[in-house]
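1. pasted the sequence and its predicted model underneath.
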Amino acid sequence: MKKIEAFIRHEAFEPIRSELLEKGFPSISIVEAKGSGRQKGIVEQYRGSTVTVNVRPKLKLEIVVADSDKDLIVETILRHARTGEIGDGKIFVIPVEEAIRIRTGERGDEVTQVHVE
């Protein structure tokens, strides 16, 4: 299994979520995040003063999938998040040793599958 962590712009989220849902991947964790990277600070005016904002708002997506689905997820995120501008974000792919569904005790790849009752 792989955990995909993607830091993206807010406006990229809905197209990514919609396509992943269509492809059978409804499970996504979303966290509001702030960070800095190559885009550096942005100078803004606030109440008559000049303010440099050094961290920019992003969304962090976390998705755990079977190894065989990793490329499909990554390509979907890239397709919708890439504008070609600095600040598009990052994707990290991390190995997952084990997954356990708390409710049923299921383990392994079964945990990442859509549960049908």
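-> Happy to help now that I have it. Residues are numbered from 1 along each chain as shown.

2. per-residue pLDDT, the residue nearest to the spatial centre of the chain?
-> Nearest to the geometric centre of the chain sits Leu61, at 2.3 Å (C-alpha atoms, centre = their mean). pLDDT for Leu61: 98.

3. so it sits right up against Ser27, yeah?
-> No. Taking contacts as C-beta atoms under 8 Å, Leu61 lies outside contact range of Ser27: 10.8 Å. Any C-beta I mention is one placed from the backbone N, CA and C, and that applies to glycine too.

4. tell me the strands beside the worst-scoring helix or strand of the chain on mean pLDDT, with direction?
-> Scoring the helices and strands of the chain by mean pLDDT, DSSP states H and E places strand 42-46 at the bottom, with a mean of 75. Strands that pair with strand 42-46, judged by DSSP bridges, come out as strand 49-53 (antiparallel).

5. next secondary structure after the partner strand?
-> Using DSSP states H and E, the helix or strand that directly follows strand 49-53 along the chain is strand 56-65.

6. each with direction, which strands does that next one pair with?
-> Using DSSP bridges, the strands paired with strand 56-65 are strand 2-8 (antiparallel), strand 29-35 (antiparallel).

7. can you tell me which of those is packed in deepest?
-> Counting by mean count of other C-beta atoms under 10 Å, strand 2-8 has the highest mean neighbour count of those, with a mean of 20.

8. from the chain's centroid, how far away is that one?
-> Offset of strand 2-8 from its chain centre (C-alpha atoms, centre = their mean, to the nearest Å): 4 Å.

9. got the buried residues for the helix or strand following that strand?
-> Under the assignment DSSP H and E, the closest C-terminal helix or strand after strand 2-8 is helix 13-22. Of the residues in helix 13-22, Phe13, Ile16, Arg17, Glu19, Leu20 count as buried by neighbour count, 16 or more other C-beta atoms under 10 Å.
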